[in-house]
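In: Sequence and computational prediction follow.
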Amino acid sequence: MTLQKKTLFVINANNVIDIITNSSSELFVLNGETESIVKEMIENVYPEYLTEYSDIVNINNLTNEQLNTFLRYHCSASCWPARKSQMSVLSGFTFDELYEPDKDYHTGLDKPAAWNGEIQYELRDNLPADPERKWHTSFVTDENRDRIITAISKDIGNYFLYSVDDNPDWDFQEKLMQIGNRYHLG
């Protein structure tokens, strides 16, 4: 009896990052005085960036929802369980203004401390309590928008560069990381 090889599936990978992390979008936040300066910075490290990225967006042109999504990534702990000291605090904000203990969204109660005894935190929900929107939260409101934009611009950057599709070229991502802050959007 001889065994025969049979191909069941063929999976084409765009690059090695597909295999390592599955599909993902990327965001780079860059700082510059003008849009033309930021575009020149990007073009110096990745001349054909528009093949994989949208045109840059000034932070002032982001919607509250886009700012909120960015903050969820920026203010998330880089490990679990996280210590309070590992959480990012934007300039001009206090920890308690940014964060609240993680909630169990079924009960609305604070989750118990993690196995290491540390309370885990999430970005504060600034929307009024409403049982109909228990799955939708927002830190950014019309009232705090300008303050948040000022803090992000000061601490991180004022221009946002989003990937168009999943899995942009990793070599160029590494080059872009030299001039901006990278956020892996999953």
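Out: Cool, the structure landed.

In: make it CA atoms for all contacts and neighbour counts henceforth
Out: Fine.

In: Look at Tyr159 and say how many residues are nearby.
Out: For Tyr159, the number of neighbouring residues by other C-alpha atoms under 10 Å comes to 26.

In: Could you find the closest non-adjacent residue to it?
Out: Distances taken as C-alpha to C-alpha, 6 or more residues apart in numbering place Asn58 nearest to Tyr159, at 4.6 Å, with adjacent residues excluded.

In: Now for the one you found: which residues touch it?
Out: Glu35, Asn158, Tyr159, Phe160 (C-alpha atoms under 8 Å, 6 or more residues apart in numbering).

In: do Leu127 as well
Out: Thr137, Ser138, Phe139, Thr141.

In: Likewise for Glu43?
Out: Tyr49.

In: Please pull out the lowest mean pLDDT helix or strand from this protein.
Out: helix 16-21 (a mean of 43; mean pLDDT, DSSP states H and E).

In: neighbouring strands for the helix or strand just after it, and are they parallel or not?
Out: Using DSSP states H and E, the helix or strand that follows helix 16-21 towards the C-terminus is strand 26-30. According to DSSP bridges, strand 26-30 forms sheet pairs with strand 159-162 (antiparallel), strand 181-184 (antiparallel).

In: right, so those strands: which one is the most enclosed?
Out: Mean neighbour count (mean count of other C-alpha atoms under 10 Å) peaks for strand 159-162 among the strands paired with strand 26-30, with a mean of 23.

In: what about Thr137, how many residues close to it?
Out: Counted with other C-alpha under 10 Å, Thr137 comes out at 16.

In: Helix, strand or coil: sort out the closest residue to it other than its chain neighbours for me.
Out: Once flanking residues are discounted, Thr137 sits nearest to Asp125: 5.3 Å by C-alpha to C-alpha, 6+ apart. For Asp125, the assignment made with DSSP: H, G, I helix; E, B strand; the rest coil gives coil.

In: List the contacts of the residue nearest the centre of the chain.
Out: Residue closest to the average C-alpha location in the chain (C-alpha atoms, centre = their mean): Tyr73, at 3.3 Å. Tyr73 makes contact with Tyr183, Leu185, according to C-alpha under 8 Å, 6+ apart.
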